[in-house]
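Novice: How does the following fold in three dimensions:
(chains A and B)
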2 protein chains.
Amino acid sequence: MSGRELAKEVRAAVAARAAELTKNGRQPRLAVVTANDDGGSAAYIRSISAAAAREGIACDVARTTTATGITATLTSLADDPEVHGIILQTPLPEGASLAALATLIPVQKDVDGASPESIGRLVAGLPAFAPATAEAVLALLDHYGVELRGRHAVVVGRSVVVGKPAAHLLLDRHATVTICHSRTPDLAAITRQADILVAAAGRAGLIGPWHVSPGTTVIDVGTNATPEGGLAGDVDPAVTGVAAALTPVPGGVGPVTTALLLRHVVEAAAIAG
Amino acid sequence: MSGRELAKEVRAAVAARAAELTKNGRQPRLAVVTANDDGGSAAYIRSISAAAAREGIACDVARTTTATGITATLTSLADDPEVHGIILQTPLPEGASLAALATLIPVQKDVDGASPESIGRLVAGLPAFAPATAEAVLALLDHYGVELRGRHAVVVGRSVVVGKPAAHLLLDRHATVTICHSRTPDLAAITRQADILVAAAGRAGLIGPWHVSPGTTVIDVGTNATPEGGLAGDVDPAVTGVAAALTPVPGGVGPVTTALLLRHVVEAAAIAG
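Specialist: Got it, this is the predicted structure:
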């Protein structure tokens, strides 16, 4: 279940809306705040910037190294009417919390659904941007016509940025949802019951063929750096020998996430009018 | 697993703190906003008021019949430095949403964890008051020494006020958590796997003996009005013949919820200093 076709569709629609907004004097603008210039993070920011540019979205990268600097930058971006979307890139400086800092991002500009208010609105069913990665999971399932209502979805991983919001989105679509994590004693006994399995634990190869059943559709959210400088998912590719379907890494959730993030920026710009 | 003993303990501590705060010139004060004078709601408000009075907490009830009236009342209470805790009582006027109106309650005064920001902070692990009912579930499990880490907790019901926050609290305590609901096709097949079963669906007698296993501890959150004017849980009392333990209705989650709500008011008053 490649994500490239869906990402392309979403990005074509984004480009069209961005062009229209720009024609009306309001080019969508994303600000990325980062406190880290290390390999993975820098590569991700380069890829977001390039993707934004390709679809006609302006993208500023603000670099700062301290929590105080992040606070000042976010406060200023929050007030800047030219900026429609803000993302705060992890990793953060020692001791800083993403959710705590993200309280400084207004809900309307919180295009990656990082602030507690966005998360709470999502849980309560009020308008807000969902974290793009979690939304990408649902978008892929919909794109491939996977039924969710009444099915059993198992999410492995309970992070605030992926596992928990993905669980909520699945629940909203009337799936029965189980959330597993590192303290789940017999993971395979639970994941084998899944109609839909979302692997978001951040551990390369955690899910093997014995974790799935022939009916299981597997969405691999993992993006683990390999020693060779590549990217490995949380799911062993050998799972394809057993499961009904699997999203690849790279080329699955990743490109859809980027496309949805850009869609959020365009939506934020449209609302800002 | 009666809740009366635990409620008594919590309330004794609340009374002591309330007395201390009052001595220092800051009597804890709760405001209850209601748009409904019907039987169940009115009885609940009387019971909260009486409980508050007994522990030395002031309690004002503000009655209004429209969403506009609720908005004005909440806005004024939010700004009132004498008011430490605010709860918005359901049912609300036609078309009004609890979460949307609760955005007007500041996090520090949101003693029943109703606002999206409180819910989001709970999910993100930041300080906030949890919905008292959801917290009562955990308090009862702790009081009776039920191990949560690595156990399978099944929550039946996905409401924003009980099911979802209870699931998050259980997840934070390292349980594997499954959320079931009205669209779950074979409920018993899932609930029978539960070490801990939280029934919060709002359907009298939904959980019968065939839904549980000998090892299951059952927490009954249901408070369904019976035709005779009494209160019935979501769990058929016959479950005690199979399960390891069951909280009664009334006398289980209910009194603990009230006690925790009062504790939140006292905590809010202490913080407000």
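
Novice: so where is the stretch 51-200 of chain A shaky, pLDDT-wise?
Specialist: Nowhere does the stretch 51-200 of chain A drop to pLDDT under 70.

Novice: Enumerate the residues of it near chain B.
Specialist: Counting by Cβ under 8 Å from any Cβ of the partner chain, the stretch 51-200 of chain A comes close to chain B at A:97, A:99-100, A:103, A:115-126, A:128, A:149-150, A:152, A:158, A:160, A:164, A:167-168, A:171, A:174, A:176-181, A:183-185, A:190. Glycine gets a C-beta too; all of them are placed from N, C-alpha and C.

Novice: Please parse chain A into its domains.
Specialist: A:25-106, A:132-254 (automatic domain parsing).

Novice: measure A:Ala99 to A:Ala114 for me?
Specialist: Going from A:Ala99 to A:Ala114 by Cβ to Cβ, to the nearest Å gives 7 Å.

Novice: who has more neighbours, these two?
Specialist: A:Ala114 (24 against 19; other Cβ atoms under 10 Å in any protein chain shown).

Novice: Pull the contacting residues for the more buried one.
Specialist: With contact set as Cβ atoms under 8 Å, 6 or more residues apart in numbering or on different chains, A:Ala114 has these partners: A:87-88, A:98-99, A:102, A:105, A:131, A:161.

Novice: let's see 10 Å
Specialist: Residues in contact with A:Ala114 (Cβ atoms under 10 Å, 6 or more residues apart in numbering or on different chains) are A:86-88, A:90, A:98-99, A:101-103, A:105, A:129, A:131, A:160-161, B:124.

Novice: which residues do A:Ala99 and A:Ala114 both contact?
Specialist: A:160-161, B:124.

Novice: Out of these, which sit inside helices?
Specialist: Counted as lying in helices by DSSP state H, out of these, are B:Ala124.

Novice: Quick check: A:Pro255 touching A:Glu5?
Specialist: Yes - between A:Pro255 and A:Glu5 there is a contact under Cβ atoms under 10 Å: 9.4 Å.

Novice: gap between whatever residue of the stretch 1-150 of chain A ends up closest to chain B and B:His168?
Specialist: The nearest approach of the stretch 1-150 of chain A to chain B comes at A:Gly120, 2.8 Å away (Cβ to the nearest Cβ). For A:Gly120, the distance to B:His168 equals 11 Å [Cβ to Cβ].

Novice: Between those two, which is the more surrounded one?
Specialist: A direct count of neighbours by other Cβ under 10 Å for A:Gly120 and B:His168 places A:Gly120 higher, at 28 against 25.

Novice: and the more buried one, backbone torsions?
Specialist: phi -60, psi -40 (degrees, to the nearest 10).

Novice: Name the secondary structure element that contains the residue sitting nearest the centre point of chain A.
Specialist: Nearest to the geometric centre of chain A sits A:Thr133, at 1.6 Å (Cα atoms, centre = their mean). Assigned by DSSP states H and E, A:Thr133 belongs to helix A:132-143.

Novice: ok, which stretches of the stretch 1-150 of chain A are strands?
Specialist: A:29-34, A:58-63, A:85-88 (DSSP state E, counting those that start in this stretch).

Novice: Go through the ones you listed and pick out the most buried.
Specialist: Ranked by mean neighbour count under mean count of other Cβ atoms under 10 Å in any protein chain shown, the strands of the stretch 1-150 of chain A are led by strand A:85-88, which reaches a mean of 27.

Novice: of the residues of the stretch 51-200 of chain A next to chain B, buried ones?
Specialist: A:99-100, A:103, A:115-124, A:126, A:128, A:152, A:158, A:160, A:164, A:167-168, A:171, A:174, A:176-181, A:184, A:190 (16 or more other Cβ atoms under 10 Å in any protein chain shown).

Novice: quick revisit: most packed of the domains of chain A?
Specialist: domain A:132-254 (a mean of 21).

Novice: Start from the N-terminal end of chain A and give the helices.
Specialist: For chain A, helices defined by DSSP H occupy the ranges A:4-23, A:39-54, A:67-79, A:98-102, A:116-124, A:132-143, A:163-172, A:187-191, A:253-272.

Novice: For the first one, buried residues please.
Specialist: The neighbour-count check on helix A:4-23 (16+ other Cβ under 10 Å) flags A:6-7, A:10-11, A:14-15, A:17-18, A:21 as buried.

Novice: ditto for the last one
Specialist: Within helix A:253-272, the residues that qualify as buried are A:253-270, A:272, counting by 16+ other Cβ under 10 Å.

Novice: ok, the buried residues of helix A:4-23 vs A:Thr247, which is closest?
Specialist: Lowest distance from A:Thr247 to the buried residues of helix A:4-23 (Cβ to Cβ) belongs to A:Leu6, with 10.4 Å.

Novice: need the contact list for the closest one.
Specialist: Going by Cβ under 10 Å, 6+ apart, A:Leu6 touches A:136, A:139-140, A:142-144, A:252, A:255-256, A:259-260.

Novice: again, but for A:Glu147
Specialist: Applying Cβ under 10 Å, 6+ apart to A:Glu147 gives the contacts A:141, A:173-175, A:195-196, A:217.

Novice: how about those residues, which pair is most distant?
Specialist: A:His174 and A:Thr217 (16.1 Å).

Novice: Find the nearest non-adjacent residue to A:Gly56, please.
Specialist: Leaving aside its sequence neighbours, A:Gly56 sits nearest to A:Ala18 (Cβ to Cβ, 6 or more residues apart in numbering or on different chains; 4.0 Å).

Novice: Might one say that that neighbour is in contact with A:Leu262?
Specialist: Yes - using Cβ under 10 Å, A:Ala18 makes contact with A:Leu262 at a distance of 8.1 Å.

Novice: what sits in contact with each of these two?
Specialist: Shared between the contact lists of A:Ala18 and A:Leu262 (criterion: Cβ under 10 Å, 6+ apart) are residues A:11, A:28, A:52, A:55-57.

Novice: rewinding a little: where do the contact lists of A:Gly120 and B:His168 overlap?
Specialist: With Cβ under 10 Å, 6+ apart, A:Gly120 and B:His168 have common neighbours B:119, B:122-124.

Novice: among the domains of chain A, which is nearest B:Pro81?
Specialist: Ranking the domains of chain A by proximity to B:Pro81 (Cβ to Cβ) places domain A:25-106 first, at 22.7 Å.

Novice: Include distance to B:Thr65 when you put the helices of chain A into TSV, please.
Specialist: TSV is the format used below for the helices of chain A (distance: least, Cβ to Cβ, whole Å):
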stretch	distance to B:Thr65
helix A:4-23	43
helix A:39-54	49
helix A:67-79	37
helix A:98-102	38
helix A:116-124	24
helix A:132-143	39
helix A:163-172	31
helix A:187-191	48
helix A:253-272	32
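
Novice: wait, which of those is closest to B:Tyr44?
Specialist: Set against B:Tyr44 and scored by Cβ to Cβ, those come closest in helix A:116-124, at 21.6 Å.

Novice: send the alpha carbons of that closest one over as PDB?
Specialist: This file holds the C-alpha atoms of helix A:116-124, laid out as PDB (Å, rounded to 0.1, in the frame of the first residue of the first chain):
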ATOM      1  CA  PRO A 116      -2.800  20.300  24.200                       C
ATOM      2  CA  GLU A 117      -5.700  22.400  23.000                       C
ATOM      3  CA  SER A 118      -5.600  20.800  19.500                       C
ATOM      4  CA  ILE A 119      -5.400  17.400  21.000                       C
ATOM      5  CA  GLY A 120      -8.200  18.000  23.400                       C
ATOM      6  CA  ARG A 121     -10.400  19.400  20.600                       C
ATOM      7  CA  LEU A 122      -9.700  16.300  18.600                       C
ATOM      8  CA  VAL A 123     -10.700  14.100  21.400                       C
ATOM      9  CA  ALA A 124     -13.800  16.200  22.100                       C
END
